[in-house]
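Enquirer: predicted model and sequence below, questions to follow.
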Amino acid sequence: MYKNGMPNNFSLKTSNRQEAKRRLEKKELEISGILISRLYEKWRTNRVMTVTDEIKITPYIKMVGYKIKMLIDFIGDIPAAEVDDKILNVWKVILIKEQSLTTMSIVFRSLSPVFSFGENQELIPKNPFKKIKIPKPPPRKDYFTEEELAKYYSVIDRPLFKKYFEFMVKTGIRPSEVRNFRWSDIHDDYMEFDGKEGKRIFPIWEEHNILFNEIKELQSSDQDDIFFCNEKGVSLVNHDRMGKLFKKYLRKSGIYDYKPRLVPYSLRHTFATLLLKDGIDIFDVSKLMGHKDVKTTQHNYDHITVMDIKKPNMKIFG
């Protein structure tokens, strides 16, 4: 007889509670295989235990959970070991056709760590996502021109938010780094950004120091170490909040009418694009962007042509 997929009359042969739990889970795996949802739960528990900063981990876990739901909606909550490259290749084609190459890429890259965890913990024999070739999505070329930036700033009726968006443009900070940024990350001549690629250093220029002073004057004295917060000191690290505020002013400025794809990440693209147009060397821009390889910069900003580059100061040639 079986109860919940387990035989009623088997023995775990141990009196140690932790060992009994481990053996029970192993027995469950041998009989029916760990389901996709259960694999996600184990991965989630492991992530929570290994990362202490809840602000950093919660949005990522929720995002991966949503991608797991997408997978389950497609094939059902089957044993994770039954997910193979054939199933995933079919799903890949459907995602590209019904949504986009970018969406497919994000979904697959988000789910792969969950299955890698399962493989490392010997919960499943292998990670099927490793066999899937994921084409690199075309770079998004959505950015603000200098004129559009001025127009955008002019409609922001909350000075503090205007300074935040200005800071994002003048640093090229990633949205993931925005969530983690603190006043304690600002040092004498550099600041530290902590995001998906780990910590990176960004130089502090005179314009940044001016912004820091202006932001401090507008923030509540009760904001503690939080950099991105509202006037009352409440954190704005939730990406949805920043996105809604960004879109609100984009519509108000009229730019949304012809550039609806602009998002907070576009401020990072704007930073790089305007630097390149100003004639800054691509290797320097690559370092400022935190790219590990200059090829990433070249791929993302190949829309810059020689005619876009401003005339250099010819006096340097004598």
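Expert: Structure's in. What do you need? Numbers count the residues shown, from 1 in each chain.

Enquirer: ok, Glu146 - contacts?
Expert: Leu274 (Cβ atoms under 8 Å, 6 or more residues apart in numbering). Where C-beta positions appear, they are placed from N, C-alpha and C, glycine not excepted.

Enquirer: so what's it scoring on pLDDT?
Expert: According to the prediction, Glu146 has pLDDT 91.

Enquirer: how near is it to Leu211?
Expert: 18 Å (Cβ to Cβ, to the nearest Å).

Enquirer: repeat that for Met289.
Expert: As judged by Cβ to Cβ, Met289 and Leu211 stand 19 Å apart.

Enquirer: Phe161: neighbour count?
Expert: Counted with other Cβ atoms under 10 Å, the neighbours of Phe161 add up to 20.

Enquirer: actually Gln219, not the one I typed
Expert: Neighbourhood size, Gln219 [other Cβ under 10 Å]: 20.

Enquirer: who are the neighbours in contact with the nearest residue to Asp293 once chain neighbours are set aside?
Expert: Distances taken as Cβ to Cβ, 6 or more residues apart in numbering place Ser286 nearest to Asp293, at 7.8 Å, with adjacent residues excluded. Going by Cβ under 8 Å, 6+ apart, Ser286 touches 293-294, 296-297.

Enquirer: quick check, pLDDT for Ser286.
Expert: 91.

Enquirer: that one: which element?
Expert: When elements are assigned from DSSP states H and E, Ser286 belongs to helix 282-289.

Enquirer: that helix: which residues count as buried?
Expert: Residues 285-289 are the ones in helix 282-289 that count as buried (16 or more other Cβ atoms under 10 Å).

Enquirer: now those residues in CSV, with distance to Val64?
Expert: Shown next, in CSV, are the buried residues of helix 282-289 (distance: Cβ to Cβ, whole Å):
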residue, distance to Val64
Val285, 31
Ser286, 29
Lys287, 30
Leu288, 29
Met289, 25
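
Enquirer: relative to Ala81, which of the residues you listed is nearest.
Expert: Ranked by distance to Ala81 (Cβ to Cβ), these are led by Met289 at 39.6 Å.

Enquirer: my read: that closest one touches Gln298, true?
Expert: No - in this structure Met289 lies outside contact range of Gln298 using Cβ atoms under 8 Å: 11.5 Å.

Enquirer: tell me how the protein divides into domains.
Expert: With domains defined by automatic domain parsing, the chain comprises 33-131, 146-317.

Enquirer: which one of the ones you listed lies nearest to Lys21?
Expert: Closest approach to Lys21 among those (Cβ to Cβ): domain 33-131, 12.3 Å.

Enquirer: quick check: end-to-end length of that closest one?
Expert: Terminal residues of domain 33-131 lie 21 Å apart, using Cα to Cα, to the nearest Å.

Enquirer: now it, how far from the centre of its chain.
Expert: Centroid separation between domain 33-131 and its chain, computed with Cα atoms, centre = their mean, to the nearest Å, is 16 Å.

Enquirer: low-confidence stretches in the stretch 51-200 of the chain?
Expert: By pLDDT under 70, the weakly predicted segments of the stretch 51-200 of the chain are 51-58, 137-141, 195-197.

Enquirer: what about 50?
Expert: The model of the stretch 51-200 of the chain has pLDDT under 50 over residues 55.

Enquirer: so where do the helices sit in it?
Expert: Counting by DSSP state H, counting those that start in this stretch, the segments of the stretch 51-200 of the chain that form helices are 54-75, 85-98, 101-120, 146-154, 159-169, 175-180.

Enquirer: same list, those, but as CSV with distance to Met191 please.
Expert: Below are these laid out as CSV (distance: least, Cβ to Cβ, whole Å):
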stretch, distance to Met191
helix 54-75, 17
helix 85-98, 37
helix 101-120, 28
helix 146-154, 22
helix 159-169, 10
helix 175-180, 10
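
Enquirer: nearest to Pro264, out of those?
Expert: Across the helices of the stretch 51-200 of the chain, Pro264 has its closest neighbour in helix 175-180 (5.5 Å, Cβ to Cβ).

Enquirer: helices or strands up against that closest one?
Expert: Here helix 175-180 touches helix 54-75, strand 190-195, helix 239-253, going by 3 or more Cβ pairs under 8 Å, 6 or more residues apart in numbering; DSSP states H and E.

Enquirer: and if we set it to 6 Å?
Expert: Applying 3 or more Cβ pairs under 6 Å, 6 or more residues apart in numbering; DSSP states H and E, one finds that helix 175-180 contacts strand 190-195.

Enquirer: compute the inter-axis angle for the strand it packs on and helix 54-75.
Expert: Put simply, strand 190-195 runs at 30 degrees to helix 54-75, going by axes from the mean of the first three to the mean of the last three Cα atoms, to 10 degrees.
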